[in-house]
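Undergrad: only geometry, no sequence info:
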């Protein structure tokens, strides 16, 4: 089972790129972020023609998340992160696919910091940690995949100097990410590639893609129930080199076939 996460940075603008990548990479499950599309404008039919069922929650101009499943229909569990009924930003969606609970998440950027946007980032992270704890308690196979907008360590960025004041590298979000790992979630890319940067994001500014001046912002965290099935993980860097590319590249994992057991359920 191959599961990928891809911040597409406007799904309709980059739909040809997405469809080409789906054809060449053939992921079984795809978590998308930054749809920048309303629910009505989400290209469900084009994706269906490419062989993918989908659940999504859009938002005009900003945010938006989706989960795609090859040859299947994801079973929606929830389309918002619990904990703040006033938060209407489209940043979290969760579904069951092939016996696995998969979440696609787009954590707030938090810039500029300090300020209300950074406060929102930390509050959202707290809610994610609470949801992650509930999923651990459920003792089911879970993948939390998406753009976390946090660089976990200095090894995950080409240069710290240019980002000293950036919300992506601040101690508080880094500590929140570390807390998830300490709770028992496995950072799949880093687990299998401890000695490689594994960048997933290269800004459009300052020639950063040709210079490989990247950051690792996109992560796939695995619950203890599914982590032993991890076989491979990588980043499809070539997607970032295409015309009209997103500033992110897809990150992915491959899982071995599951043993027979109970199906995941909503908690």
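TA: Structure's in. What do you need? Keep in mind it's a predicted model, so treat the numbers as computed, not measured.
Undergrad: The most centrally placed residue in the chain: what's its closest spatial neighbour, skipping adjacent residues?
TA: For the chain, the residue sitting closest to the mean C-alpha position, by CA atoms, centre = their mean, is residue 146 at 0.8 Å. Nearest residue to residue 146 in three dimensions, chain neighbours excluded: residue 105, at 3.7 Å (CB to CB, 6 or more residues apart in numbering). C-beta here means a position set from N, CA and C on the backbone, and glycine is covered the same way.
Undergrad: give me the low-pLDDT residue ranges for the stretch 151-267 of the chain?
TA: 259-267 (pLDDT under 70).
Undergrad: which residue ranges form the strands in it?
TA: With strands called from DSSP state E, counting those that start in this stretch, the stretch 151-267 of the chain shows them at 186-187, 218-222, 230-235, 251-255.
Undergrad: Quick one: list the elements packing against the last one.
TA: Contacts defined by 3 or more CB pairs under 8 Å, 6 or more residues apart in numbering; DSSP states H and E place strand 251-255 against strand 2-7, helix 188-192, strand 218-222, strand 230-235.
Undergrad: now the strands of the stretch 151-267 of the chain as CSV including distance to residue 25 and mean neighbour count?
TA: Below are those laid out as CSV (distance: least, CB to CB, whole Å; neighbours: other CB atoms under 10 Å):
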stretch, distance to residue 25, mean neighbour count
strand 186-187, 21, 20
strand 218-222, 15, 26
strand 230-235, 10, 17
strand 251-255, 7, 25
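Undergrad: Among those, which comes closest to residue 116?
TA: Between residue 116 and these, the tightest spacing by CB to CB is seen for strand 218-222, at 25.0 Å.
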